[in-house]
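Enquirer: take this sequence and fold it.
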Amino acid sequence: MAAPHLKMAARQAALLARAGCDPAWGAQLGEHVLRECPPAPGQVVAGFWPLPGEIDIRPLLLALAERGHALVLPATPPRGQPLTFHRWRPGDTLIREKFGTYRPEGAQLDPDYLLVPLLAFDRAGRRLGYGAGFYDRTLVRLPGRRTVGCAFAAQELPEVPTDADDVALDAIATERGVIFAGQQRDGR
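Expert: Here you go, the predicted model:
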């Protein structure tokens, strides 16, 4: 079990690392996802509306919509609950929620493929979020779905401190490429 101070220090380091990054690099992230690990035709894709400072995946969401994917964005539930996902189409009105997030008003729909925000990641697929555990509870509820973390390459750590209830991701997409869980720095 990771000591809380280790997670806090990792979050602070990740916030500092991403401070010099340009959210527009999300366009490059999107190109890598579409080339290296695209969702299968017909899959429902969960995205997220970026918070200030996060990599902007909206170009990827628009490209996925153009390819015919149904898109959903998360709604923030009360603490201790998993996220729910609601249908979103480009141009739909978004409702501001707590924590500065936004959600659509569309119908609730479970995704097959999830693009997951994060603060820090490592090459084992471990992620560190903001600390409320929403995505960990959600991923447990949706086993077998493809999960791709989205971040700046600068947010990579040698090892992310984790607890037993933290759920690893299948891959991490950055502006530099896609890292599949367990892949070493030299690509093996």
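Enquirer: from the chain's centroid, how far away is stretch 151-165?
Expert: 13 Å (Cα atoms, centre = their mean, to the nearest Å).
Enquirer: quick one: mean pLDDT for it?
Expert: The average pLDDT within stretch 151-165 is 94.
Enquirer: quick check: buried residues in it?
Expert: Buried residues in stretch 151-165, counted by 16 or more other Cβ atoms under 10 Å: A151, F152, A153, Q155, E156, L157, V160, P161, T162. Yep, even glycine has a C-beta here, placed from its N, CA and C like the rest.
Enquirer: ok, stretch 9-29 next?
Expert: Within stretch 9-29, judged by 16+ other Cβ under 10 Å, the buried ones are A10, R11, A14, A17, R18, C21, P23, W25, G26, A27, Q28, L29.
Enquirer: possible to save those residues as TSV with secondary structure?
Expert: Below are those laid out as TSV (DSSP: H, G, I helix; E, B strand; the rest coil):
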residue	secondary structure
A10	helix
R11	helix
A14	helix
A17	helix
R18	helix
C21	coil
P23	helix
W25	helix
G26	helix
A27	helix
Q28	helix
L29	helix
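Enquirer: and which of those is nearest to T138?
Expert: Lowest distance from T138 to the buried residues of stretch 9-29 (Cβ to Cβ) belongs to R11, with 19.4 Å.
Enquirer: and the residue positioned nearest the centre of the chain, what's its pLDDT?
Expert: The residue lying closest to the centre of the chain (Cα atoms, centre = their mean) is V116, at 1.5 Å. pLDDT for V116: 98.
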